[in-house]
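Trainee: Next one to model:
(one chain, ligands or ions: 1)
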Amino acid sequence: MVTRFSISLDGEILESFERFRARHKYANRSEAVRDLIRTALVGEEWKRGSGDVMGVISLVYDHHQRNLLNRITSIQHDAEAHVVSTTHVHMDHHNCLEIVIARGKARHVRALADALFALRGVKNGVLNAASTGRSLH
Ligand code: NI
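Mentor: Predicted coordinates:
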């Protein structure tokens, strides 16, 4: 069911919002507001740390760093978050890219990402916060 409601905004915020809408190519204000609300709710789910979330963890690491691949694998086996899928790409002679998709409580997914990022030889790590969206419906 779709409910319509009106929002009162002062001129300055409305102008900023219209620029935001133009930059992100939203067809109308409702689309833009809907995405902002969803982003805020997903962010909150992650902050609370207790909800069920999904995280996409990507790592670029030095292929020649001793034992690094073993450590990366062990950490995933021992993680409280559940690793759903991993993809490995041999980028060039020195570098590997590993993408780990994990599901679980936000604090466990974040702990898994932090443990991987802290490893010696990991050059770049990004955690992308996704949500199962259960609390958004
Ligand atoms: Ni590789």
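
Trainee: What strand or helix carries Trp46?
Mentor: Assigned by DSSP states H and E, Trp46 falls within helix 29-48.

Trainee: buried stuff in stretch 92-111?
Mentor: 96, 98, 100-111 (16 or more other CB atoms under 10 Å). Glycine gets a C-beta too; all of them are placed from N, C-alpha and C.

Trainee: Report the helix or strand with the lowest average pLDDT across the chain.
Mentor: In the chain, the helix or strand scored least confidently by mean pLDDT, DSSP states H and E is helix 29-48, which has a mean of 86.

Trainee: Which neighbouring elements make contact with it?
Mentor: On a contact count with 3 or more CB pairs under 8 Å, 6 or more residues apart in numbering; DSSP states H and E, helix 29-48 meets helix 11-23, strand 52-62, helix 106-117, strand 122-131.

Trainee: Recalculate using a threshold of 6 Å.
Mentor: strand 122-131 (3 or more CB pairs under 6 Å, 6 or more residues apart in numbering; DSSP states H and E).

Trainee: Just checking: what are the partner strands of the strand it packs on?
Mentor: strand 52-62 (antiparallel) (DSSP bridges).

Trainee: Mind exporting the C-alpha coordinates of the strand it pairs with to CSV?
Mentor: Listed next in CSV are the C-alpha coordinates belonging to strand 52-62 (Å, rounded to 0.1, in the frame of the first residue of the first chain):
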residue,chain,number,x,y,z
ASP,A,52,20.6,-9.3,10.4
VAL,A,53,22.7,-7.6,7.7
MET,A,54,24.8,-8.5,4.7
GLY,A,55,28.2,-7.1,4.0
VAL,A,56,30.3,-7.1,0.9
ILE,A,57,33.9,-7.1,1.9
SER,A,58,36.5,-6.5,-0.7
LEU,A,59,40.3,-6.8,-0.2
VAL,A,60,43.2,-6.1,-2.4
TYR,A,61,46.3,-7.9,-1.1
ASP,A,62,49.8,-8.8,-1.9
